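Chemist: Sequence first, then the predicted structure, then my questions.
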Amino acid sequence: MTINTEKQQITCIYASGTKFGKQLKALAEATKKAVFFNDIKESMPSDTQWHDIVNRLKLSLNDLIDKSKIEDLDENTNFKEEDLVKILAKYPDALVGAILLEDNHIEHITQYTSLLKFFNVDSAGLEKTLHFEDPVTESQTKNETFL
């Protein structure tokens, strides 16, 4: 697996087996942005890629894993990063949230509102404008009226 960090393309690392992962993918697709979805159930990042990701996030891989979703695991056990990659490979649905990358920007998200902020979209699905730009207050489509 290659992690693409090009401008104008967003890479989303997520687990499709979770409710959050399914809804995240649907929301991201609805934004009409260029998104490369990397489902870790299908293609797991390498140890080196995980190391790079957590370094850029300034987190530990331990912070990205919900240990309560792993069978027969004591939540208080401390693991090495290499072991955590193996655990995540065996239990991909234990990934907490998702990781979004674009160019040099990386973010670990656990809420849908964070996804909308990352995509620079407000909750109505409209692209935000800068504060000095005039807002659009007229219909942009035919046969539609504003109240």
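Modeler: Thanks, I have it. Numbering: from 1, shown residues only.
Chemist: Show me which helix or strand of this protein is least confident by mean pLDDT.
Modeler: helix 112-118 (a mean of 80; mean pLDDT, DSSP states H and E).
Chemist: residues in contact with it?
Modeler: 10, 23-24, 27-28, 98, 100, 102, 105, 107, 109, 122-123 (C-beta atoms under 8 Å, 6 or more residues apart in numbering). C-beta here means a position set from N, CA and C on the backbone, and glycine is covered the same way.
Chemist: In those residues, which residue is surrounded by the most others?
Modeler: Looking at these with neighbours defined as other C-beta atoms under 10 Å, the largest count falls to residue 98 at 26 neighbours.
Chemist: Pull the contacting residues for it.
Modeler: Residue 98 touches 12-15, 20-21, 24, 108-109, 115, counting by C-beta under 8 Å, 6+ apart.
Chemist: Looking at these, which is nearest residue 35?
Modeler: Nearest to residue 35 among the contacts of residue 98, counting by C-beta to C-beta, is residue 12 at 5.6 Å.
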